[in-house]
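> Next one to model:
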Amino acid sequence: MIDLTVVDLSRLQFAATAMYHFLFVPLTLGLSVLMAVMESVYVMTGHEVWRRMTLFWGTLFGVNFAMGVATGIVMEFQFGMNWSYYSHYVGDVFGAPLAIEGLMAFFLEATFIGLFFFGWDRLSKVAHLAVTWLTALGANFSALWILIANGWMQNPVGSTFNPDTMRMEVTDFMAVIFNPVAQAKFVHTVSAGYVTGAMFVMAISAWFLLNRRHMALAKRSMVVAASFGLASALSVVVLGDESGYAATEHQKMKLAAMEAMWHSEPAPAPFTVFAVPGDQENRFQVQVPYVLGLIATRSISGEIPGILDLVKLAEGRIRNGVVAYKALEQIRADRNDQAARETFTANWKDLGYALLLKRYRTDVENATNEEVAQAAVDTIPGVAPLFWSFRVMVALGFYLIGFFAFAFYLSCKHKLGDGRAFLWIALFSLPAPWIAIEAGWFIAEYGRQPWVVEGVLPTFYAASGLTLVDLSISLGFFLTVYTTLLIIMVFLMLKIVRAGPSNRTVLDGVGGSAHIPAGAAASPQR
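This next block holds a predicted model:
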């Protein structure tokens, strides 16, 4: 039998490393585009302040990028260490986008980052601007391929299970790339990263203005961030609606759990503003009629199934999956059994549901009615955590829209940075996009449970056969190292911000120069 404590520790370790890693990713996405916009203005106007802005925000981008790389590499190794059966079962599909991300996106981004820092005096203005935009493009390409891989885990299209190799294999790579869930996640995630970058620039600039330092740079930075942040925040809401619509089509249980909708509601379903989720019923429920149905189905007649109805559907799929499992066993015993192959082909899409029974017995073909019913109940993710995480994310999303709308209004009136109250609000709003993003990723990953690949492979079945001691040691090690890296990054960021922007340079040893903030180099220019 599977040791669920080991599985839970493996999940906790991957969740911790992923959450740490995603502290850096959205800021990389946002700052890469913002510094490209600032350098574009510098090339068009020739005003030196825009060059100093690009250098300053680019330095902060560089530190954040380095930390993102350091924390991200470890995650890929965990697929082999902690999730070996997952790697075996779906590696042919999942590995392709990861490989392309490394070859196409990461190397592109890393190469042009080097040119960005060391090419100021070696490249023309236009050539260096192209390098900066290519850096931003590389960052977005990297996110694209990662989210294609993750989107396939949410909606495994373009693939099939091969009974001869006992693995999932790609049948239509274009379907994997243009997976509607992956595309919706990409635009939604990237827009959230842009909001994070804009808020970061707003908060640091507000700190400068509160201390009456680097006024020209700070005000111009806030103007750019206000307009960029407003457009991005509005995009997050619109594209988040697209993600919700994709969940309606492909992840009905996740949507029902997010809304704590135990029973199917008459169409169009109401949106629950507040509730205390219970076991099959909610208490103190406050609803707005029709809103959920209109948003999730984009119609007045589309029905959203409730949790309990979806459990009944899962029970039927488990029974159908048992038929596929029996046929698979017959194929393994006799590869020439055509009748078994026909049966398996007709039912293989429910094979993953039969694997849910592995939690209770190894011979799933002999599962009792009680075990089938319990396995169906296991398809319900944690309702209360999803319900409240979604509302925290949505509330912060609307707050950020209001914040950037007001900032944009002040910039249009040429009053941005004049009121100290707004500057303090900007400074203390710095954590808001990170909290919203982490809540969003929690919803995406925790809401998919009990699946590591939706409907294909249960999470508990994908884990490696590690011991409790192994996982306790590695979990403690990763938490210690990642926390140390986070502290180092915050320390470096604060040091760079306190030093402020500068045009000081140091020679890189081969005839050119790399621009760095004052105070970041201990030796004078040679």
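
> Domains in this protein, by residue range?
Following automatic domain parsing, one finds the domains of the chain at 4-251+381-500, 265-297, 307-377.

> For stretch 479-498, buried residues please.
Residues Tyr482, Leu485, Met489, Leu492, Met493, Ile496, Val497 are the ones in stretch 479-498 that count as buried (16 or more other Cβ atoms under 10 Å). (Each C-beta comes from the backbone N, C-alpha and C, glycine too.)

> how close does the fifth one sit to Gln183?
So the one you mean is Met493. Separation of Met493 from Gln183 (Cβ to Cβ, to the nearest Å): 33 Å.

> same deal with the first one?
Counting by Cβ to Cβ, the separation of Tyr482 from Gln183 is 30 Å.

> now the last one
From Val497 over to Gln183 the distance is 36 Å, taken as Cβ to Cβ.

> coming back round to it: quick one: the domains of the chain as JSON lines, columns for mean pLDDT and distance to Glu259 too.
JSON lines is the format used below for the domains of the chain (pLDDT from 0 to 100; distance: least, Cβ to Cβ, whole Å):
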{"stretch": "domain 4-251+381-500", "mean pLDDT": "91", "distance to Glu259": "7"}
{"stretch": "domain 265-297", "mean pLDDT": "87", "distance to Glu259": "6"}
{"stretch": "domain 307-377", "mean pLDDT": "95", "distance to Glu259": "9"}
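
> To Ala257, which of those domains lies closest?
Closest approach to Ala257 among those (Cβ to Cβ): domain 4-251+381-500, 4.8 Å.

> For the stretch 151-300 of the chain, just list every one of the helices.
Under the criterion DSSP state H, counting those that start in this stretch, the stretch 151-300 of the chain contains helices at 173-177, 180-210, 215-250, 252-258, 291-297.

> will you turn those into a markdown table that also has distance to Asn162 and mean neighbour count?
A markdown table is the format used below for the helices of the stretch 151-300 of the chain (distance: least, Cβ to Cβ, whole Å; neighbours: other Cβ atoms under 10 Å):
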| stretch | distance to Asn162 | mean neighbour count |
| --- | --- | --- |
| helix 173-177 | 16 | 16 |
| helix 180-210 | 23 | 25 |
| helix 215-250 | 23 | 21 |
| helix 252-258 | 27 | 25 |
| helix 291-297 | 35 | 19 |
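
> I'd like those written out as a markdown table, with distance to Phe403 added.
Shown next, in a markdown table, are the helices of the stretch 151-300 of the chain (distance: least, Cβ to Cβ, whole Å):
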| stretch | distance to Phe403 |
| --- | --- |
| helix 173-177 | 35 |
| helix 180-210 | 8 |
| helix 215-250 | 8 |
| helix 252-258 | 25 |
| helix 291-297 | 23 |
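
> The ones you listed: which one's closest to Asp3?
Nearest to Asp3, of the helices of the stretch 151-300 of the chain and by Cβ to Cβ, is helix 252-258 at 25.4 Å.

> Can you tell me, leaving aside adjacent residues, what's nearest to the residue nearest in space to the middle of the chain?
Against the mean C-alpha coordinate of the chain, by Cα atoms, centre = their mean, the closest residue is Trp441 at 5.3 Å. Sequence neighbours aside, Phe22 is the residue nearest to Trp441 in space, at 6.0 Å (criterion: Cβ to Cβ, 6 or more residues apart in numbering).

> any idea how far the one you found is from Ala439?
Distance from Phe22 to Ala439, by Cβ to Cβ: 11 Å.

> how about the helices of the stretch 301-450 of the chain, start to end?
Remark: helices assigned in the stretch 301-450 of the chain by DSSP H, counting those that start in this stretch are 307-333, 338-347, 351-355, 369-377, 383-412, 420-428, 432-446.
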